[in-house]
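1. Predicted structure and sequence below. I'll ask about it afterward.
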Amino acid sequence: MFMLQSGRSQDFVSQSPEGFGIDVGAGRIHAHRFGAAGGRLTICVHGLSANSQSFRYLAAELAGTGRSVVAIDLRGRGKSAITRMG
């Protein structure tokens, strides 16, 4: 269990964010969606050596406030396709 700032506890092991793909010209980018689809959208983009799972705790916290959070795996990271340079 992990205690959220809001005071609610969250079991992150059992939480399964929705994974989906986005087709782009050079391949497919993978992303995870947390929270309600109708909530205010927050997009999380990781740095050079990370992937979308870097936002797992932050996304759950934001989703707990009613936001819809999408965390993206940039190309070649996480489950996104490794594409040519350019």
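-> Looks like it came in fine. Numbering: from 1, shown residues only.

2. okay, CA-based contacts and neighbour counts for the rest of this
-> OK.

3. where along the chain do the strands fall?
-> 2-3, 9-10, 18-24, 27-34, 41-45, 68-73 (DSSP state E).

4. residue nearest the centroid of the protein?
-> Among the residues of the chain, the one closest to the centroid is residue 71, at 2.5 Å (Cα atoms, centre = their mean).

5. Against residue 47, how distant is it?
-> Using Cα to Cα, to the nearest Å, we find residue 71 at a distance of 12 Å from residue 47.

6. circling back: quick check: the residue nearest to the centre of the chain touching residue 41?
-> No: assessed by Cα atoms under 8 Å, residue 71 is found out of contact with residue 41, at 10.8 Å.

7. Can you find the helix or strand of the chain with the lowest average pLDDT?
-> Ranked by mean pLDDT, DSSP states H and E, the weakest helix or strand in the chain is strand 2-3, scoring a mean of 42.

8. burial of residue 39, as a residue count?
-> Number of residues near residue 39 (other Cα atoms under 10 Å) recorded here: 13.

9. beta partners for the residue nearest to the centre of the chain?
-> Note on residue 71: beta-bridge partners by DSSP bridges are residue 32, residue 44.

10. what sits against it?
-> Neighbour list for residue 71: 31-33, 43-45, 52-53, 55, 59 [criterion: Cα atoms under 8 Å, 6 or more residues apart in numbering].

11. Could you rerun that using 6 Å?
-> 31-32, 43-44, 52 (Cα atoms under 6 Å, 6 or more residues apart in numbering).

12. For residue 74, give its distance to residue 20.
-> 13 Å.

13. Settle it for me: which of these two has more neighbours?
-> Between residue 74 and residue 20, counting by other Cα under 10 Å, residue 74 is the more crowded of the two (22 against 14).
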